[in-house]
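A.B. asks: here you go, sequence then predicted model.
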Amino acid sequence: MEIRPLVEKYREELVERLSALVAINSVRSETLPDAPFGSGPRDALVAALQMLESDGFHTVNLDNYAGYAEMGEGSDVLGMIGHLDIVPADKADGWDTDPFEAVIKDGVIYGRGVSDDKGAVVACMVAMKVLRDIGFPLRKRIRLIMGTNEESGSLGLKYYVEKEGDVTYGFTPDGDFPGVYGEKGMIGAVYRSKNTCIQDIEGGMAGNVVCGRCRVKLPRNCYSGKRLREYFDQNNIDYLIEEEGDSSLITVFGVPAHASTPELGVNAISNLMVGLKEAGFQDPFVEFYCTHFGLTTDGSGLGCNCKDEYGALTENNGMIWMKDGVIEGTVDIRYPVTMTAKKVIRLMEGYLEDEGGSVEITRTSEPLFYSPNSPLVSSLVKAYRDVTGDTETEPMTIGGGTYAKSIGNTIAFGCAFPGRDYHIHNTNEFCEIDELMKQAEIYVQALLNLLEL
C-alpha cells in the first residue's frame, strides 16, 4: 500500500495548520483560572483541538492541561504524544524572521515550534486522517495527545495520566529517528553567590537552553579592559562594553543550543565569567563560577563527570539573575541512562560549596531505558526503515528528556531525521516541508505496525 500519495493531499493543510499554531506564542506564562500554564499554551491547545474536531474526531480538553483526539475502539490505546508549548523566542536574539510568523523560503518553514514540537503534532494530525482514509479496521483506539508544558515540567501530561492512565503503546514525536530507547536522567540545581562586587547581572531565556546573551554591571576600573577584549577576540566571542557613570556594562553574546548538547553552543554566562577572571576581576563569585563550572560541559567542576556505554554526563548553565544582592542561576545536568540520581549526587559531595557560592539540588529525574529489541522499539524502528530505506542508522539514547518519561510504554520517535540540526531551542528554528510530510508517512506506518501488536 502506497501511503505517501495519501499524505501528499494534505500538504497545503499541514502548512496552514502549522502556520496558525506558530502564530500563537505558547511560552509558559502567568497562571490564570482557565489556563494553568498561561494563555498562550491554552490558546494553542484550544486551536489544535478545534482543528481535529473539524476533522470529525472525538476530542477532549482536560481543563487546558492537556487534550486529545481519538479514533477507533477497544480497550487498548495507541498514543501519539506531542506538546504545543515552546521555549521563548525574541527576534532581537538573532532571528532573521519573526519567530511567531511562519515564513516559507525554498520549501523550508521557519518559526518557533516548527520542529519542537508543533510541526510534529500537525504531522500526527495528518497521520490520523490518512489512517482513516485507508479504512484499516481499528480494534485499538488511537489518540493524539497534546500537552501544554513539556518545556517546563510536563505537569500537563501528568494531569492527563492521572485522568486517563498510561497508553498501551505510544511514541512522542519529540526526539530522533529511528527511535530513542533510552533517555538520560536529570538533575536540576540552583547556584547562589555568597558575596560579590557585581552590581547586577541577567542572562538566558530558559534553563534547558545554553545561554545566548548575558549582561553584567560592574564598578568601573575593576578589571583590565584590554585583557578582557583580548580574551573575547581570541575566542571569537561577540561582546559590547559600555560605560554608565561609575559602572561598566558588559554584554556577551553566545550561541544557544539545547541543554542536552551544551557542547554545540557557546555559553554567554561562562565566557563572561572566564573573561572577567582573565581580565583580573577579583571577585569571590566569579572565582566560584570558574572553579565549579567554567567553560566545561562535562560536570567536572562539580565532581560528577562520568559516562557509561551509552553516553557521558553533560551540564549546562542556562539562566542567571540577581535579586537583593544575591546572584542565582540554573544548572541542568543530564546523566547516563544506567546510573541513578543518588549515585551522581554522591559524586558531587564536596564540590557544592566554597567561600564564593553554593549549589543546591532542586529536582531529580531518573533515566528511561527500554530494550532495543522490545516489541515497541522494534515496531517503530521498522516503520522508519520501511518508509525511508535507511537501514544503517541505529536507535539511540539521548540526553534530552521527553514525554516518554511521564507516561508508560512510550519512547521518543522522531521528529528529527539523522544528521539534521533544526535549530531547536535556537534562533531561526526550521523544518523542510518535505520532511514534515515524510514524518506523517512514517507515523502512519508506525500506527499500522502498533495495531498488529
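C.D. replies: Noted; the coordinates are in hand. The model shown is predicted, which means the values in this text are computed figures rather than measured ones.

A.B. asks: CA atoms for contacts and neighbours, from now on please.
C.D. replies: Will do.

A.B. asks: just the CA trace of the longest helix that the chain contains, in CSV.
C.D. replies: The residue-count maximum for a helix in the chain (DSSP state H) belongs to helix 433-451. Taking Å, rounded to 0.1, in the frame of the first residue of the first chain, the C-alpha atoms of helix 433-451 are listed here in CSV:
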residue,chain,number,x,y,z
ILE,A,433,8.1,20.9,4.4
ASP,A,434,9.1,17.7,2.6
GLU,A,435,10.4,16.3,5.9
LEU,A,436,7.1,17.1,7.7
MET,A,437,5.4,15.1,5.0
LYS,A,438,7.8,12.3,5.5
GLN,A,439,7.2,12.4,9.2
ALA,A,440,3.5,11.9,8.6
GLU,A,441,4.1,9.0,6.4
ILE,A,442,6.3,7.3,9.0
TYR,A,443,3.8,7.9,11.7
VAL,A,444,1.1,6.2,9.6
GLN,A,445,3.3,3.2,9.1
ALA,A,446,4.2,3.2,12.8
LEU,A,447,0.5,3.1,13.8
LEU,A,448,-0.2,0.3,11.4
ASN,A,449,2.7,-1.7,13.0
LEU,A,450,1.5,-1.0,16.5
LEU,A,451,-2.0,-2.1,15.6
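
A.B. asks: helices or strands next to that helix in the packing?
C.D. replies: On a contact count with 3 or more CA pairs under 8 Å, 6 or more residues apart in numbering; DSSP states H and E, helix 433-451 meets helix 4-8, strand 77-83, helix 118-134, helix 375-388.

A.B. asks: most packed of the ones you listed?
C.D. replies: strand 77-83 (a mean of 27; mean count of other CA atoms under 10 Å).

A.B. asks: what pLDDT is listed against the nearest residue to residue 213 once chain neighbours are set aside?
C.D. replies: The spatially closest residue to residue 213, leaving aside those adjacent along the chain, is residue 253, at 4.5 Å (CA to CA, 6 or more residues apart in numbering). pLDDT, the model's per-residue confidence, is 97 for residue 253.

A.B. asks: could you report the distance from residue 253 to residue 317?
C.D. replies: Using CA to CA, to the nearest Å, residue 253 is found at 15 Å from residue 317.

A.B. asks: more neighbours: these two, which one.
C.D. replies: Counting neighbours by other CA atoms under 10 Å for residue 253 and for residue 317 shows that residue 317 has the greater number, 29 against 22.

A.B. asks: any idea how far that one lies from residue 297?
C.D. replies: Here the distance between residue 317 and residue 297 works out to 9 Å (CA to CA).

A.B. asks: likewise for residue 386?
C.D. replies: From residue 386 over to residue 297 (counting by CA to CA), the distance is 37 Å.

A.B. asks: what do you get for residue 440?
C.D. replies: Separation of residue 440 from residue 297 (CA to CA): 35 Å.

A.B. asks: and the two? Which one has more around it.
C.D. replies: Each of residue 440 and residue 297 has its neighbours counted (other CA under 10 Å); residue 440 has more, 29 against 20.

A.B. asks: quick one: the helices in the stretch 151-300 of the chain, in order.
C.D. replies: Defined through DSSP state H, counting those that start in this stretch, the helices belonging to the stretch 151-300 of the chain, from first to last, are 155-164, 225-234, 268-278, 284-292.

A.B. asks: pipe the ones you listed into TSV and attach mean neighbour count and mean pLDDT per row.
C.D. replies: Putting the helices of the stretch 151-300 of the chain into TSV (neighbours: other CA atoms under 10 Å; pLDDT from 0 to 100) gives the following:
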stretch	mean neighbour count	mean pLDDT
helix 155-164	17	97
helix 225-234	15	97
helix 268-278	24	98
helix 284-292	22	98
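
A.B. asks: what segments of the stretch 151-300 of the chain are strands?
C.D. replies: 169-172, 175-176, 180-183, 185-193, 200-203, 213-219, 238-244, 247-253 (DSSP state E, counting those that start in this stretch).

A.B. asks: got the angle for the fourth one vs helix 284-292?
C.D. replies: It stands for strand 185-193. Taking axes from the mean of the first three to the mean of the last three CA atoms, to 10 degrees, one finds that strand 185-193 is oriented at 150 degrees with respect to helix 284-292.

A.B. asks: contacting residues around strand 185-193?
C.D. replies: Taking contacts as CA atoms under 8 Å, 6 or more residues apart in numbering, the residues outside strand 185-193 that touch it are 285, 326-337, 339-341, 356-368, 399, 401.

A.B. asks: one more time with 6 Å, if that's ok
C.D. replies: Identification of contacts with strand 185-193 by CA atoms under 6 Å, 6 or more residues apart in numbering yields 285, 326-335, 356-367.

A.B. asks: circling back: wait, which of the strands of the stretch 151-300 of the chain is closest to residue 346?
C.D. replies: In terms of CA to CA, the element of the strands of the stretch 151-300 of the chain nearest to residue 346 is strand 185-193, at 12.3 Å.

A.B. asks: direction included, what does the closest one pair up with?
C.D. replies: Here strand 185-193 is paired, per DSSP bridges, with strand 326-335 (antiparallel), strand 357-365 (antiparallel).

A.B. asks: any idea of the mean pLDDT for that strand?
C.D. replies: Averaged across strand 185-193, pLDDT comes to 97.

A.B. asks: only C-alpha atoms, please: export that strand in PDB.
C.D. replies: Output for strand 185-193, consisting of C-alpha atoms alone and laid out as PDB, is shown next (Å, rounded to 0.1, in the frame of the first residue of the first chain):
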ATOM      1  CA  GLY A 185      18.400  11.100  34.000                       C
ATOM      2  CA  MET A 186      18.200  14.700  35.000                       C
ATOM      3  CA  ILE A 187      19.400  16.700  38.000                       C
ATOM      4  CA  GLY A 188      18.300  20.400  38.300                       C
ATOM      5  CA  ALA A 189      20.100  22.800  40.700                       C
ATOM      6  CA  VAL A 190      20.500  26.400  41.500                       C
ATOM      7  CA  TYR A 191      23.800  28.100  42.400                       C
ATOM      8  CA  ARG A 192      23.900  31.200  44.600                       C
ATOM      9  CA  SER A 193      26.600  33.800  45.400                       C
END
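
A.B. asks: please identify the buried residues of that strand?
C.D. replies: Judged by neighbour count using 16 or more other CA atoms under 10 Å, the buried positions of strand 185-193 are 185-193.

A.B. asks: how distant is it from the center of its chain?
C.D. replies: Taking the mean C-alpha point of strand 185-193 and that of its whole chain, the gap between them comes to 17 Å (CA atoms, centre = their mean, to the nearest Å).

A.B. asks: repeat for stretch 281-296
C.D. replies: 27 Å.

A.B. asks: could you tell me the end-to-end distance of it?
C.D. replies: The distance separating the two terminal residues of stretch 281-296, taken as CA to CA, comes to 20 Å.

A.B. asks: equivalent analysis for stretch 77-89, please.
C.D. replies: The first-to-last residue distance of stretch 77-89 comes to 35 Å (CA to CA).

A.B. asks: name the residues that touch that stretch?
C.D. replies: By CA under 6 Å, 6+ apart, the residues outside stretch 77-89 that reach it are 26-27, 41, 117-118, 121, 140-149, 167-172.

A.B. asks: mind giving me the domain ranges of this protein?
C.D. replies: 4-181+370-451, 185-365 (automatic domain parsing).
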